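[1] I would like to see how this sequence folds:
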Amino acid sequence: MIWITIGFALVVAIVLLYNRLVRARNRVDTAWSDIDVQLQRRHDLVPRLVKAVDAYASYEKATLEAVAELRAEAMRQTGIRERGKAEEELGQGVHRLIALAESYPDLKANENFLNLQNELVETENYLQFARRYYNGSVREYNTMAETVPSNIIAGLFGFRARSFFQKASDDAANVPLVEFGSVE
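    You can find the predicted model right below:
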């Protein structure tokens with residue numbers, strides 16, 4: 001009778017650990033989906049921003065083309081680490097584009113440009129929050145997949161560690177990709 005009880009307790013423990021791992025993995029997948037939505041929103045805003053700047057600063061072609069290429073590169077990346085690096089570079093390119101716009105008073109006063117700038121700031125803020133949530137979810141999932149006894153279940157059922165979506169520098173890890181002053 002004691003062996004049956006021990007066997008039953010072991011099966012229950014395995015099922016509980018497996019279910020916790022599945023919930024954690026699903027939370028990571030959902031969090032990544034949130035990041036992906038914000039990245040797509042950013043990717044949709046960049047061409048509109050480039051077009052708005054181009055109308056006022058058409059001789060700044062090199063900067064505009066560089067931002068367009070950074071966007072294309074970010075969209076090509078599939079791995080989380082590679083995509084994080086590409087997205088950081090895109091964010092820096094957009095920051096340069098906004099800084100360039102500071103040299104053009106008419107552009108800074110353009111309502112369309114100001115709306116795009118505000119949308120981009122909002123997107124960057126959402127992206128920062130989504131990244132933090134994703135990385136927290138990955139940390140919890142990876143901890144479960146690497147600690148005893150859940151690592152045994154993780155190994156048996158193919159639960160693999162996930163990559164963090166973070167910026168290349170730790171200093172930048174807690175600030176938005178693009179920061180703007182107040183719009184007057």
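
[2] Counting by contacts, list what the helix or strand of the chain with the lowest mean pLDDT packs against.
    Within the chain, no helix or strand scores below helix 105-109, which has a mean of 83 by mean pLDDT, DSSP states H and E. Under the contact definition 3 or more C-beta pairs under 8 Å, 6 or more residues apart in numbering; DSSP states H and E, helix 105-109 sits against helix 2-56. C-beta coordinates here come from the backbone N, C-alpha and C atoms, glycine included.

[3] Who are the packing partners of the helix or strand following the least confident helix or strand of the chain?
    Reading on from helix 105-109 to the C-terminus, the next helix or strand found by DSSP states H and E is helix 111-146. Other helices and strands packing on helix 111-146, by 3+ C-beta pairs under 8 Å, 6+ apart, are helix 2-56, helix 80-101, helix 150-157.

[4] Only the buried residues of helix 111-146, if you could.
    Within helix 111-146, the residues that count as buried by 16 or more other C-beta atoms under 10 Å are 113, 116-117, 119-121, 123-124, 126-128, 130-131, 133-135, 137-138, 141-142, 144-145.

[5] cool, and stretch 56-70?
    Using 16+ other C-beta under 10 Å as the test for burial, stretch 56-70 gives 56, 57, 60, 63, 64, 66, 67, 70.
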